Structures are given as structure tokens and as C-alpha cells.
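Novice: Quick check, what structure comes out for this input:
(one chain, ligands or ions: 1)
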Amino acid sequence: MVANVYLEGTYSEVYPDVPRAEEGLRRLFRQFSTPGGIPSHVSVPTPGSIHEGGELGYVLIHAFGAAFDNPDLVVAAVVGDGEAETGPCAGSWQGVNFLNPARDGAVLPILHLNGYKIGGPTVLGRRGDGDVRAVIEGHGYEVHLVAGDDPGEMHAAFAAALETCYAEIRAIQAAARVRGVIGRPRWPAIVLRTPKGWTGPTELDGLPVEGTFRAHQVPLPDVRTRPEQLAMLEAWLRGYKPEELFGRDGAPAPDLAALPPRGDRRMGANPHANGGRLLEPLDLPDFRDYAVEVARPAVEHRESTRCLGALLRDVYARTTDRRNFRLFCPDETHSNRLGDVFEVENRCFVGPTLAIDDHVSADGRVMEVLSEHLCQGWLEGYLLTGRHGLFATYEAFAMVSASMTVQHTKWLEGTAKLP
Ligand SMILES: Cc1ncc(C[n+]2csc(CCOP(=O)(O)OP(=O)(O)O)c2C)c(N)n1
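Specialist: The predicted model follows:
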């Protein structure tokens, strides 16, 4: 990701001391995964990032949070096959049951099966194409499989799959925006099968590296002490033909520099990934208006969260046009005494509804799903793309998603240090 936003120019705009020239390249490489430099995974200083890349499991959840109330946005979300084993990720495929094709944007999951995690095989990586297809189709997606190991062929095949998926997404949305939402659409998803450590060193000390767990992160661990590994590293990097990719001054060659989109269309400059650029203040009523009159002590019997429910009801009413507020709750809106919101809003559910359902509709904006991970992560994606919301949960079960909250807090702490 860092290399991509460097090549498209965003990195040097944000960090002028890392220009697209020889000195910039040197800094870019030296600071990577170095104390005082930048982390080895996507993190706060990466332009266009909205979350830490460290803790796995949340990519699809954040993608759905970003897509809600963002009708023109298509969020591509790459899921590792190791990441796919996590509980939060396993639950997150359900997002399509809450995604309204007329009102929301779209999520394009790209399940990347490279067979291994750090040390062992992955569950889905070892399953045949038919099984993987059945799992993803069972969640309600239309699967597009792209598999192989020839870079040129795979590049063309993947580009074609993206074109097909994009056309399908726009067709689903166009239909729903003309004739209304009729049931849950079958959204496209890509299953991508490639070797782990693809095009990296094939073998080390007689053991295969490419296509195995040994390729994870650092395929040549001893370049400092073993000259033959240093030679392998050099041969590998020269395989990219840097003399064709960069000019003598170290800047990307003009034909490559011309490839990325311009301005805000670049990945690292997308305003949705810099929510501060889109943020509008939340239209909040004065909380004093919800105060309880207490003429004398110990005569009133009230519940404080009911007052909050009335306030939230009015926040919904005031944001009907702007659509920049949602309540996220693991099936506890009523039991948390916030039920007044149902005077003006419904529960969101994009699927069959029955006459006896209570305030359930595809247009609903109260997000009730029995998963604290989804509630927390949807809210996070929604907030970080410039909107507002609230995650209401029982204190006992708030712990279910506590580490997500810690990651988010860590991320916010990091942003506070950035100009
Ligand atoms: C929740 C969580 N547990 C453990 C880890 C440690 N970890 C880092 S990478 C990794 C394997 C990831 O495998 P996969 O998702 O298949 O990605 P790949 O590197 O193969 O593309 C693990 C377990 C983590 N980052 N997050």
C-alpha cells in the first residue's frame, strides 16, 4: 500500500521530504519497518488508510460501514484466507443483508486464497473451488473465480473480473434505484487463487519458498550475514528491471507516472478515506430539553436511557435529509430502553419481511445485528468516512469487541500526532 501511494504521488504530497526522486526512494525504503520510521503494515501515517492493518478480521466490516449512506461508493475489500478464519470476518459476510442497493454504496469482497497463513495451511485455501464457491454463495454472493500463477495472464483475467463485477454492481443499483428494493440482490465477489510469495524467491537452502508459508513477510531472513541470500535478494529485485521503471533521477518513468488516476481519484487521496474532509457537524438537539422535572427528591421513577432514546429519536428526525447518523446495536435497542427511535425509524433488514415483524424494513436506519464485532466495526467504518453514530451495548458484552475499540483508540491516538 505504501509503494502504491508513493507511485501515484500522494505520499510525496503528504510527506514532501520523501519526493519522487532518488533521495525520496532512499528515504521510503530506509524508513520502512524501522524504529522512528513507519510500520510494516498499513497504519495511521499511510495516506488513504482508515484503520490499523495489524489486527486481522475487520476488513469487510469496515467496508460495509464505509458503504452505508454512500450511494456512489464502491469499496473493494481484500480478505486474506488466514483472516477469513477469524470470527469477526466469518460473521461479516452477512453485511449484504443490511446493505440497501438504492440508498447505500457497494462492497466488493476479494477473497485472496494463497494457501497459507504464517506457519500453516488455511481452511479455505485447502478447500476445492466448489466448496469455496458454495460457502460464499451461501452467504448470498455471486462468485467470480480468478486462479493461476502466470502474472501476465492473471493481470488480464483479474482486470476482466473487476470490469464484470463493476458492471454487475452498477446494474443492481440502477435497477433498485428505478423500481425500488425487491429482496436482497446477489452481489458479486471475487475469489482469487495465487501462490503465497508469488514471484518472490522460489527456493532457499533446498526448501521451497514461493507458494508456501515460508514466503510470509520475510522470505530471505539472513541477507545481512549470508552473502548468497543478499545475491538472491539483488537478483529478485533486479527482476523488476528498475532501470525501465525509474529515470536516472529516481523518479518513476513518465509512462508509469501517467497510469494512476488524477487528484482525488487516487487511492491515497480518496476523500472517503480522509473523513475529516467530508465531516459535517451532527445536528443535535439541546440535551437540556430532555431533562426530567423533579419537583421533590425521590418522587419520580424514571430510566435515564429512555431520555436518551427520545433524544436519539429526534437526532434521526433531524438527519433524515443528510443521512449522516445511525444507531448500531446488537439487538438491544428495546431492552436498552432506546425504543423511542422506532417512532421515526425502522430496523434495517434487506430480505423478506413478515406482517408481524416490528419496525423492520429495507429502508430502516437502525442497525440491529447480533454481533458486537459488526456493530463496532460498522460504526467505525461509518465514522471514519465522515459520518456520526452510536454503538449501544450491554457492558458485559461490550468486551466482545473490546480489542477493536482498543485498536481504534490507538489509531485515533496516532492521528492526533499528525498535522
Ligand atoms: C487477530 C490477529 N491474530 C493474529 C495475527 C498475527 N498474524 C499476522 S499475519 C497472519 C497470517 C495472515 O494470513 P492471511 O490472512 O492468509 O494473509 P497473507 O499474509 O497470507 O496474505 C497472522 C496470524 C493478526 N495480525 N491478527
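Novice: what are the ranges of the helices in the protein?
Specialist: Assigned by DSSP state H, the helices in the chain fall at 2-7, 10-14, 22-31, 59-67, 87-92, 129-138, 151-179, 227-238, 242-245, 254-257, 304-318, 372-384, 395-398, 402-416.
Novice: Which one, of those helices, ends up nearest to Glu203?
Specialist: Closest approach to Glu203 among these is made by helix 227-238 (9.3 Å; CB to CB). To be clear about C-beta, it is placed using only N, CA and C from the backbone, and glycine gets the same treatment.
Novice: How about the contacts made by the one residue in the stretch 101-250 of the chain that gets nearest to the ligand?
Specialist: At 3.7 Å from the ligand, Lys117 is the closest residue in the stretch 101-250 of the chain, using CB to the nearest ligand atom. With contact set as CB atoms under 8 Å, 6 or more residues apart in numbering, Lys117 has these partners: 80-82, 85, 213, 216.
Novice: from those, which are also near the ligand?
Specialist: 80-82, 216 (CB under 6 Å from any ligand atom).
Novice: Can I get those in a markdown table including pLDDT, neighbour count and distance to Trp236?
Specialist: Converted to a markdown table, these look like this (pLDDT from 0 to 100; neighbours: other CB atoms under 10 Å; distance: CB to CB, whole Å):
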| residue | pLDDT | neighbour count | distance to Trp236 |
| --- | --- | --- | --- |
| Gly80 | 97 | 22 | 22 |
| Asp81 | 98 | 25 | 24 |
| Gly82 | 98 | 26 | 24 |
| His216 | 95 | 16 | 16 |
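Novice: so how many other residues sit close to His272?
Specialist: Applying other CB atoms under 10 Å, we find 21 residues neighbouring His272.
Novice: measure whichever residue of the stretch 251-400 of the chain sits closest to the ligand to Ala84 for me?
Specialist: The stretch 251-400 of the chain approaches the ligand most closely through His373 (11.3 Å), counting by CB to the nearest ligand atom. His373 sits 14 Å away from Ala84, going by CB to CB, to the nearest Å.
Novice: Which positions in the stretch 201-350 of the chain make contact with the ligand?
Specialist: Counting by CB under 6 Å from any ligand atom, the stretch 201-350 of the chain sits next to the ligand at His216.
Novice: if we go to 8 Å?
Specialist: Taking CB under 8 Å from any ligand atom as the contact definition, the stretch 201-350 of the chain meets the ligand at 216-217.
Novice: distance of the residue of the chain most remote from its centre from Ser304?
Specialist: Distance from the C-alpha centroid of the chain, by CA atoms, centre = their mean, peaks at Arg296 (51.8 Å). Distance, Arg296 to Ser304, using CB to CB: 19 Å.
Novice: Then Trp411?
Specialist: 30 Å.
Novice: Look at those two and report which has more neighbours.
Specialist: Legend: neighbour count by other CB under 10 Å for Trp411 and Ser304, higher for Trp411 (18 against 10).
Novice: Spit out the contact partners of the residue of the stretch 251-400 of the chain closest to the ligand.
Specialist: Applying CB under 8 Å, 6+ apart to His373 gives the contacts 57-58, 61, 87-88, 91-92, 400-401, 404.
Novice: filter the residues you listed by proximity to the ligand?
Specialist: Restricting these to those touching the ligand (CB under 8 Å from any ligand atom) yields Gly57.
Novice: got the contacts of His373 as CSV, with neighbour count columns?
Specialist: CSV is the format used below for those (neighbours: other CB atoms under 10 Å):
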residue, neighbour count
Gly57, 23
Tyr58, 27
Ile61, 30
Gly87, 11
Pro88, 24
Gly91, 19
Ser92, 28
Val400, 18
Ser401, 25
Met404, 23
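Novice: since we're on Gly130, how many residues are nearby?
Specialist: Residue neighbour count, defined by other CB under 10 Å, stands at 8 for Gly130.
Novice: Can you tell me how far it is from Glu137?
Specialist: According to CB to CB, Gly130 stands 10 Å off from Glu137.
Novice: what does Asp255 give?
Specialist: Distance, Asp255 to Glu137, by CB to CB: 41 Å.
Novice: higher neighbour count, the two?
Specialist: Neighbour tally, Asp255 and Glu137, criterion other CB under 10 Å: the higher count belongs to Glu137, 13 against 9.
Novice: what's the closest non-adjacent residue to the more buried one?
Specialist: Sequence neighbours aside, Val143 is the residue nearest to Glu137 in space, at 5.8 Å (criterion: CB to CB, 6 or more residues apart in numbering).
Novice: wait, what's in contact with that neighbour?
Specialist: Contacts of Val143 by CB under 8 Å, 6+ apart are 132-133, 136-137, 189-191.
Novice: what pLDDT does it get?
Specialist: The per-residue pLDDT reported for Val143 equals 98.
Novice: do the one 4 residues further on as well
Specialist: At Ala147 the predicted local distance difference test score is 98.
Novice: remind me which residues of the stretch 201-350 of the chain are low pLDDT?
Specialist: For the stretch 201-350 of the chain, no stretch is flagged by pLDDT under 70.
Novice: Find the residue closest to Ala398 in space, skipping its chain neighbours.
Specialist: Excluding the flanking residues, the one nearest Ala398 by CB to CB, 6+ apart is Glu372, at 6.9 Å.
Novice: Enumerate every residue touching the closest residue to Leu108 other than its chain neighbours.
Specialist: Of all residues not flanking Leu108 in the chain, Ala76 sits nearest, at 4.7 Å (CB to CB, 6+ apart). Contacts for Ala76 (CB under 8 Å, 6+ apart) come out as 63, 108, 110.
Novice: and if you look at Ile61?
Specialist: Contacts of Ile61 by CB under 8 Å, 6+ apart are 88-89, 92, 95, 373-374, 377-378, 380-381.
Novice: Next: Asn114.
Specialist: By CB under 8 Å, 6+ apart, the residues touching Asn114 are 80-81, 125, 193-198.
Novice: Out of those residues, flag the one nearest to Phe325.
Specialist: Taking CB to CB as the measure, Phe325 lies nearest Gly80 of the contacts of Asn114, at 32.7 Å.
Novice: doesn't Gly115 make contact with the closest one?
Specialist: No: with contact defined as CB atoms under 8 Å, Gly80 does not count as touching Gly115 (10.7 Å).
Novice: Which of the contacts of Ile61 sits closest to Asp331?
Specialist: Distances from Asp331 to the contacts of Ile61, taken by CB to CB, are shortest for Leu374, at 11.1 Å.
Novice: about what we covered before: what's the pLDDT at the residue of the stretch 251-400 of the chain closest to the ligand?
Specialist: Per-residue pLDDT puts His373 at 98.
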